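Visitor: Quick one: sequence and predicted model below, then my questions.
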Amino acid sequence: MKTRRTQNYKQFLMAGFILFTAFVMLVGIYFYTSHVQRSITNQERRVSNLYISWIDLKEELYQSSYGPSSFSQLLTKLSRFETVLQEDFLSDKLLGAKLRVEELATTLHALYIKWPFVLRELHSLINELAHAEQTDFPSLFAPTLLMRSFEQDLIRLDATVRAYSLEQLNRFQLFNNLILTSLVLLLLGFLMFLLSTRQKHLAEERIRMLTQSLLRMQEDERKQIAYDLHDDIVQDLASMKMNLDNMVDTYADSKGVPIRELSNISSMMQELIQATRRISGEIRPYNLDHIGLIGAVRGLCNNLAVQTGSQVRFFPVGMNSLQSDYTTEINLYRITQEALQNIRKHSKATKISVRLIASSPHILLRVHDNGRGFSPSQGFAQANQTGTHLGLTSMEERTKMLNGKFSINSSLGRGTAIKVKVPMQYQTTM
């Protein structure tokens, strides 16, 4: 189970991937439709060029009817026109596969049928012009009925393709406008997502800083309360007990003095002193100053073993040569304390292990139990929603205070493993 930061990061990556994929798909569709638009425009241009080529051919024939001309140039134009007509139109390579229009198909079929006869008439006319004498030119070129019909088919073809292209271009243009609008909205949505994510991150960061400040203030208050309990109240109670004990010793043989009641009060005050010292130690582990982190954690493990009857094993490795700063020690102590309290309250574990390892440049804390386990995600969610069960949040925030990493692995019926890794700040002792 990853921490909440890892989960948020994965959610951010997933949302970014989805938005990026949608953006790439829309861009791809836009370029594809633009390519289709260019193809339609090119088809329309080639049909127009075909008709213009026919007009140029007729113009050349008209000019040839007035006198000698370059018949080779005329034949070249005729051959070029025939090539364009045969390869690009009558063979159905250019238009037939893309522009399936009934009127267009009819016109192409008519051109296909008429062209061989028109070609034969054109060759006959060119040959007649080529072999005619200077003084025996034929009359002005007059297109035959077949040529006029062929030209009308070319005009119809040009008009059909132009109308169809205009319709398709308008449709694709509308589609492209929708895509561009979607791209803009998607980009705005992505920017808003980034902005909201940043705002959420900043809010979480402020909450984290506030939580850490509260934890520091809490430790300071605990320290002050523990000192007041230990130095003032316990001392006063001890003085009162001593006075009572002196009274008992002084008036032991006197009549009329309730010696038994005074002894009972003295015993109760002794219990009160012990209870106050215990509460003071729980509020602020003063033994941390006297026996160090290892001794304090070992005390927590021993207490848990006595309270639950479970097998609790503590393994400090490489910690004896360390003298960590108080902030590191108190937070590691609190994390261990919270983890063991959760085990005592909820896990029903029979075997618990606590490892405190100095592995330069880090200190590693591992707490593992064979209890019934739980769902960490539900635990964090419940802590965020209801404000209860804040133990996990407390451990995570204390780890962050030390610039460390916190993770918890648990599932129902398989126990729980808590891992803490914090930077090592210490001085080596000789």
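Guide: Structure's in. What do you need?
Visitor: Mind picking out the helix or strand in the chain with the poorest mean pLDDT?
Guide: helix 376-386 (a mean of 64; mean pLDDT, DSSP states H and E).
Visitor: Quick check: what element follows that one along the chain?
Guide: Next in sequence after helix 376-386, counting helices and strands by DSSP states H and E, comes helix 391-401.
Visitor: Go through that next one and flag the buried ones.
Guide: Of all the residues in helix 391-401, those buried under the rule 16 or more other Cβ atoms under 10 Å are Gly391, Leu392, Thr393, Ser394, Met395, Glu396, Glu397, Arg398, Thr399, Lys400, Met401. For the C-beta atoms, the positions are set from N, CA and C on the backbone; glycine is no exception.
Visitor: for stretch 340-349, same thing?
Guide: Per 16+ other Cβ under 10 Å, stretch 340-349 contains these buried residues: Leu340, Asn342, Ile343, Arg344, His346, Ser347, Ala349.
Visitor: can you list these in CSV and add secondary structure and distance to Leu210?
Guide: Compiled in CSV, the buried residues of stretch 340-349 are given as follows (DSSP: H, G, I helix; E, B strand; the rest coil; distance: Cβ to Cβ, whole Å):
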residue, secondary structure, distance to Leu210
Leu340, helix, 27
Asn342, helix, 24
Ile343, helix, 29
Arg344, helix, 29
His346, helix, 27
Ser347, helix, 30
Ala349, coil, 34
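Visitor: So Val36 sits against Phe172, correct?
Guide: Yes: using Cβ atoms under 8 Å, Val36 is in contact with Phe172, at 6.3 Å.
Visitor: mind listing the helices for the stretch 51-200 of the chain?
Guide: Applying DSSP state H, counting those that start in this stretch to the stretch 51-200 of the chain gives helices spanning 71-84, 102-131, 145-227.
Visitor: Can you spell out which helices and strands pack onto the second one?
Guide: Read it as helix 102-131. helix 4-64, helix 71-84, helix 145-227 (3 or more Cβ pairs under 8 Å, 6 or more residues apart in numbering; DSSP states H and E).
Visitor: Kindly recompute the last result at 7 Å.
Guide: Contact here means 3 or more Cβ pairs under 7 Å, 6 or more residues apart in numbering; DSSP states H and E; on that basis helix 102-131 packs against helix 71-84, helix 145-227.
Visitor: relative to helix 4-64, how tilted is that helix?
Guide: 40 degrees (axes from the mean of the first three to the mean of the last three Cα atoms, to 10 degrees).
Visitor: For Thr416, state which of the buried residues of helix 391-401 is nearest.
Guide: Closest approach to Thr416 among these (Cβ to Cβ): Leu392, at 10.5 Å.
Visitor: now the closest one: how far from Asn409?
Guide: Look at Leu392 and Asn409: by Cβ to Cβ, to the nearest Å, they are 13 Å apart.
Visitor: Share the number of residues neighbouring Leu125, please.
Guide: 20 (other Cβ atoms under 10 Å).
Visitor: Quick one: low-confidence residue ranges for the stretch 151-300 of the chain.
Guide: 208, 211-212, 215, 230, 252-257, 286-287 (pLDDT under 70).
Visitor: can you do 50?
Guide: By pLDDT under 50, the stretch 151-300 of the chain contains no weakly predicted segment.
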